[in-house]
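Participant: what would the 3D arrangement of this be:
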Amino acid sequence: MLRDTGYEVEIADYPSDAVQRVLKSAYNALIMDSEPFGLSLGNAVSIIKSIRPDMPVVIIGEAPYSADVLSVKEPIDLEDFKNAIHAIGNMAVSKH
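Facilitator: Below you'll find the predicted structure:
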């Protein structure tokens, strides 16, 4: 769905891979599954937010996580997901 609407998407199989990628490259946002393997979701979000505090993070399948992390509950409602992505776009625009 994201690629279909013009977004570039990269997939990391594990939260630790996502953290390493954020360290090496600039990303506009991070979308994570709430059931990660290896590094815990909380630790991954903490590390990423310490590196890039302004990076929007969306957690899929988690109840509201924290004030600075967007959440989309499972089963995923495409409208909720689109709204979360739209909110990320609004965050980026409001910071310029």
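Participant: excluding its backbone neighbours, what's nearest Asp80?
Facilitator: For Asp80, ignoring the flanking residues on the chain, the nearest one in space by CB to CB, 6 or more residues apart in numbering is Val72 at 5.1 Å. From N, CA and C alone the C-beta is placed, and that goes for glycine too.
Participant: my read is that that neighbour contacts Glu79, right?
Facilitator: No - using CB atoms under 8 Å as the test, Val72 is too far from Glu79 to be in contact (10.0 Å).
Participant: the more surrounded of the two?
Facilitator: Higher neighbour count among Val72 and Glu79: Val72, with 21 against 8, using other CB atoms under 10 Å.
Participant: least trustworthy helix or strand in the chain by mean pLDDT?
Facilitator: For the chain, counting by mean pLDDT, DSSP states H and E, helix 78-94 ranks last in confidence among helices and strands (a mean of 71).
Participant: what's that one packed up against?
Facilitator: Under the contact criterion of 3 or more CB pairs under 8 Å, 6 or more residues apart in numbering; DSSP states H and E, the helices and strands touching helix 78-94 comprise strand 57-60, strand 69-72.
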